[in-house]
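1. quick one, structure for this:
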Amino acid sequence: MELVMSEAEIDPVLIEKIENFVMPLVSSGMPVKWFPFGVRDGRDTEIAFVVKASGRNVNLRTAAGQFRSAVRHVDDPKLSLNAAQREAGAWDFTDEWYQEKKIKSDIEKRLAQLVERIGTLEVQLHRDEQDVQHKARSAASDRRGRGGHERYFSKLSRLRKEATDRGIAWANDWKVSQLQEALGDGANE
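-> This next block holds a predicted model:
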């Protein structure tokens, strides 16, 4: 029969680990691995189902139908105190649970990378749209002419051509207003 150690005999680091340990979250009905000897030692394990989780331990029903109460998680430092702590065995998540956790973690990382990439692309798209709009405005400005003087001379040239086409005589020193007057109301666009 193994004697139970007093708190004075327990390593202070172990006491701190025991006090700080938080059992992983588990829910009723969840399949878990049950280690009958309370350690991961390669010996027999069984599949069990969580009946109830409370505080630092769970109640399990094994696949063979046995009920086990006060089963600690295999990482619980209290299991290292003595055999009495391991009497109910220990539990851990199934290999499938760990595989799903890894897959979920990988998916979450990839999703975060995609969200970041989409954000970068949206910023680039917005910049490209601004560049296109700027170029379109610049091209429209070039078609209209730059500054008031170029627009004035473009209009003067158009009115001179129109007057010539209609057979209206005009002088080289005529201004836009004079050409508009000679062409009538239709030229005042």
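2. what's the longest helix in the protein?
-> Using DSSP state H, we find that the single longest helix of the chain is helix 95-144.
3. how far off centre is it?
-> When distances are taken as Cα atoms, centre = their mean, to the nearest Å, helix 95-144 is centred 12 Å away from the chain's centroid.
4. pretty sure residue 170 contacts residue 179?
-> Yes. With contact defined as Cβ atoms under 8 Å, residue 170 reaches residue 179; the gap is 6.1 Å. C-beta coordinates here come from the backbone N, C-alpha and C atoms, glycine included.
5. which residue sits farthest out from the middle of this protein?
-> Most distant residue from the mean C-alpha position of the chain: residue 169, 73.8 Å away (Cα atoms, centre = their mean).
6. who touches both of residue 170 and residue 179?
-> 160, 163 (Cβ atoms under 8 Å, 6 or more residues apart in numbering).
7. same drill for the two, tell me which one is more crowded.
-> residue 179 (20 against 14; other Cβ atoms under 10 Å).
8. in the host helix or strand of that one, what counts as buried?
-> Using DSSP states H and E, residue 179 falls within helix 176-183. Judged by neighbour count using 16 or more other Cβ atoms under 10 Å, the buried positions of helix 176-183 are 176, 179, 180, 182, 183.
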